[in-house]
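*Asks:* everything below, folded, please.
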Amino acid sequence: MAANCIFCKIIKGAIPSHKVLETELTYAFLDISPLSTGHLVIPKAHAQFFHQVPDENLADLLPVAKKVALAIGAKDYNLLQNNGRLAHQAVDHVHFHIIPKPNETEGLGIEWPMLKPTQEQLLATKNSIVEKL
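*Replies:* This is a model prediction of the structure:
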């Protein structure tokens, strides 16, 4: 855990939270500034970026997120996880937002400007990824 991390402090109980579910490796609680009636699901292991979270924590985290999403009961919702400032990560501890979308005005609004890559660009991107796996 990181000493100055607000989410690590929440996990330790140093900052109060409205916990909805906790396992040995995962902590789920209410978001105090939600876009909709939402929840946060976080690994107890401190990691700033998704790719830094230990696999055992990820294996526990997604089933917890699924349980919380089902308990929220929203037909439509977003599961959002941001990495880095340009991607709008506000807290440097990996966290998944479960954001119900009850109607057009509540919840997450997304503009999705699509690129139009050529088949050659797609092939080059695929090859670059496959080489690194």
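*Asks:* hey, what's the spatially most central residue of the chain bridged with?
*Replies:* By CA atoms, centre = their mean, the chain has its centre lying nearest to Phe96, at 1.8 Å. Going by DSSP bridges, Phe96 is paired in beta bridges with Val41.
*Asks:* got a pLDDT number for it?
*Replies:* Phe96 carries a pLDDT score of 97 in this model.
*Asks:* show me the contacts for it.
*Replies:* The contact partners of Phe96, by CB atoms under 8 Å, 6 or more residues apart in numbering, come to Leu40, Val41, Ile42, Leu61, Ala65, Leu79, Leu80, Gln81. From N, CA and C alone the C-beta is placed, and that goes for glycine too.
*Asks:* mind redoing it with 7 Å?
*Replies:* By CB atoms under 7 Å, 6 or more residues apart in numbering, the contact list for Phe96 reads Leu40, Val41, Ala65, Leu79, Leu80, Gln81.
*Asks:* host element of Pro63?
*Replies:* Pro63 belongs to helix 55-72 when assigned by DSSP states H and E.
*Asks:* same for that helix, what does it pack against?
*Replies:* strand 19-22, strand 26-30, strand 39-43, strand 77-80, strand 96-100 (3 or more CB pairs under 7 Å, 6 or more residues apart in numbering; DSSP states H and E).
*Asks:* rerun that using 6 Å as the cut-off
*Replies:* Helices and strands touching helix 55-72, by 3 or more CB pairs under 6 Å, 6 or more residues apart in numbering; DSSP states H and E, are strand 26-30, strand 39-43, strand 96-100.
*Asks:* got the CA coordinates for that helix in CSV?
*Replies:* Extracted C-alpha coordinates of helix 55-72, given in CSV (Å, rounded to 0.1, in the frame of the first residue of the first chain):
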residue,chain,number,x,y,z
ASP,A,55,-2.7,-11.3,-11.9
GLU,A,56,-4.1,-12.8,-8.7
ASN,A,57,-5.7,-9.5,-7.8
LEU,A,58,-7.1,-9.1,-11.3
ALA,A,59,-8.5,-12.7,-11.1
ASP,A,60,-10.4,-11.6,-7.9
LEU,A,61,-11.4,-8.1,-9.0
LEU,A,62,-13.5,-8.9,-12.1
PRO,A,63,-15.8,-11.4,-10.3
VAL,A,64,-16.3,-8.8,-7.6
ALA,A,65,-17.1,-6.1,-10.2
LYS,A,66,-19.6,-8.5,-11.8
LYS,A,67,-21.3,-9.1,-8.4
VAL,A,68,-21.5,-5.4,-7.7
ALA,A,69,-22.8,-4.7,-11.2
LEU,A,70,-25.6,-7.3,-10.8
ALA,A,71,-26.5,-6.0,-7.3
ILE,A,72,-26.8,-2.4,-8.7
